[in-house]
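# Structure, please.
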Amino acid sequence: MPATSRQQSGKQAEQQALVFLEKQGLRLLAQNWLCKGGELDLVMLDGDTVVFVEVRYRLHANWGGALGSIDRRKRERLAHAAQTFLQKEARWSGQPCRFDVIALEGTVGSATPLNWVRNAFDS
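All right, here's what the predicted structure looks like:
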């Protein structure tokens with residue numbers, strides 16, 4: 001089944017976020033990591049810190065925009081997925097961790113700046 005334009009935009013936003021974070025010195029550990037009940041968009045290493053990055057894209061800022069779309073339920077699912085990742089990828093389980101958000105609004109791939117929120121929330 002072909003990807004919808006919405007899915008395509010989401011994948012482009014993820015790629016834009018990945019390139020940006022790698023330019024900031026972070027290293028990719030996993031992308032689109034799936035487990036029962038959740039998905040991690042990007043798992044990066046920032047020095048010795050494992051960073052779980054949620055990439056949020058919205059064409060318009062209506063209804064709270066990209067950052068506003070991360071509600072309590074979404075944070076809980078991300079925390080669950082992160083715990084599962086650390087259990088399955090034991091070599092990273094002793095490292096400090098944080099949750100970051102990359103929020104993009106507007107047309108993906110244009111000069112629209114992205115908003116990188118480090119330590120966006122605690123689990």
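# Buried residues, the helix or strand containing residue 87. List them.
For residue 87, the element it lies in under DSSP states H and E is helix 72-88. For helix 72-88, the neighbour count (16 or more other Cβ atoms under 10 Å) marks 75, 78-79, 81-82, 84-86 as buried. Backbone N, C-alpha and C define where each C-beta goes, glycine included.
# what's that helix packed up against?
Using 3 or more Cβ pairs under 8 Å, 6 or more residues apart in numbering; DSSP states H and E, the elements in contact with helix 72-88 are strand 27-35, strand 38-46, strand 49-58, strand 97-105.
# give me the number of residues near residue 102?
Residues lying near residue 102 (other Cβ atoms under 10 Å) number 25.
# Could you tell me the angle between the helix ranked longest in the chain and strand 49-58?
Selection of the longest helix in the chain by residue count, based on DSSP state H, yields helix 5-23. Using axes from the mean of the first three to the mean of the last three Cα atoms, to 10 degrees, the inter-axis angle of helix 5-23 relative to strand 49-58 is 140 degrees.
# quick one: least confident helix or strand in this structure?
Sorting the helices and strands of the chain by mean pLDDT, DSSP states H and E puts helix 65-68 at the bottom, at a mean of 60.
# can you list the helices and strands packed on helix 72-88 in JSON lines and add mean pLDDT?
As requested, these are arranged in JSON lines below (pLDDT from 0 to 100):
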{"stretch": "strand 27-35", "mean pLDDT": "97"}
{"stretch": "strand 38-46", "mean pLDDT": "96"}
{"stretch": "strand 49-58", "mean pLDDT": "91"}
{"stretch": "strand 97-105", "mean pLDDT": "90"}
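# Same list (the ones you listed) but as TSV, adding distance to residue 117.
Formatted as TSV, the helices and strands packed on helix 72-88 follow (distance: least, Cβ to Cβ, whole Å):
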stretch	distance to residue 117
strand 27-35	19
strand 38-46	14
strand 49-58	9
strand 97-105	5
